[in-house]
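K.L.:
quick one, structure for this:
(2 chains)
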Amino acid sequence: ILNVEQSPQSLHVQEGDSTNFTCSFPSSNFYALHWYRWETAKSPEALFVMTLNGDEKKKGRISATLNTKEGYSYLYIKGSQPEDSATYLCAFSGNTPLVFGKGTRLSVIA
Amino acid sequence: NAGVMQNPRHLVRRRGQEARLRCSPMKGHSHVYWYRQLPEEGLKFMVYLQKENIIDESGMPKERFSAEFPKEGPSILRIQQVVRGDSAAYFCASSPGTFDGYTFGSGTRLTVV
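P.N.:
Residues are numbered from 1 along each chain as shown, chains lettered A, B, ... in the order given. Purely as a prediction, here's the structure:
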């Protein structure tokens, strides 16, 4: 059974703080690691698809890194804003459909 | 581009009835995936289909649940003789290829009363 773990489960930060969370995944049969942003009452929205060890992707204030050898990825948000409040999901792609973690629920307090 | 369309958004069924959930993938996407989200749980994979074929149904309960993606028309997830434990949000996603990112629909929230 493939296990994708995300931590922390939830996080409260003040507006302007920078934050990061972790995704752990199996290091064998790795193809890609996906990050999604999921706002309440909406559908998950793709942020990044990362395939290479050492990959680093950036979209505005959000960036992500990937270590396939040890099986983890970090998502960073610089200068958090209230509109960043959402659940951030990571998903592992091997030779199966995407396996999702339970997500990290971020609340940014103004 | 309309994205992934799911309907209905909300569905209420009495125990024992049938539930039919529909998903039209994004234009150009031939791969469809169904996921279920139970309360306080993450997205759990159910079934992966391409046109007229079930590729992987390892996450779908063997009884009462079935899925299809016909040559013409949307993908259908069918739950027969629903029970209260089937109450969940069901999400459909599509992708252009096996290893591409997914585009999700807005989900169908099934409530069994």
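K.L.:
can you tell me the closest non-neighbouring residue to residue A:83?
P.N.:
Spatial nearest neighbour of residue A:83, chain neighbours left out: residue A:108 (7.8 Å); criterion: CB to CB, 6 or more residues apart in numbering or on different chains. For the C-beta atoms, the positions are set from N, CA and C on the backbone; glycine is no exception.
K.L.:
what pairs with the one you found across the strands?
P.N.:
Beta-bridge partners recorded for residue A:108 (DSSP bridges): residue A:13.
K.L.:
ok, residue B:91 touching residue B:103?
P.N.:
No. In this structure, residue B:91 is not within contact of residue B:103 by CB atoms under 8 Å, at 11.0 Å.
K.L.:
looking at these two, which one has more neighbours?
P.N.:
For residue B:91 versus residue B:103, neighbours defined as other CB atoms under 10 Å in any protein chain shown are more numerous around residue B:91 (25 against 20).
K.L.:
quick one: residues in contact with the helix or strand harbouring that one.
P.N.:
Using DSSP states H and E, residue B:91 sits in strand B:88-95. Applying CB atoms under 8 Å, 6 or more residues apart in numbering or on different chains, the external contacts of strand B:88-95 come out as A:43-44, B:4, B:6, B:21, B:23, B:25-26, B:29, B:31-39, B:43, B:46, B:75, B:77, B:101-105, B:107-110.
K.L.:
list, one by one, the residues from chain A near chain B.
P.N.:
By the rule CB under 8 Å from any CB of the partner chain, the part of chain A lying against chain B is A:31-32, A:34, A:36, A:42-46, A:49, A:89, A:93, A:96-103.
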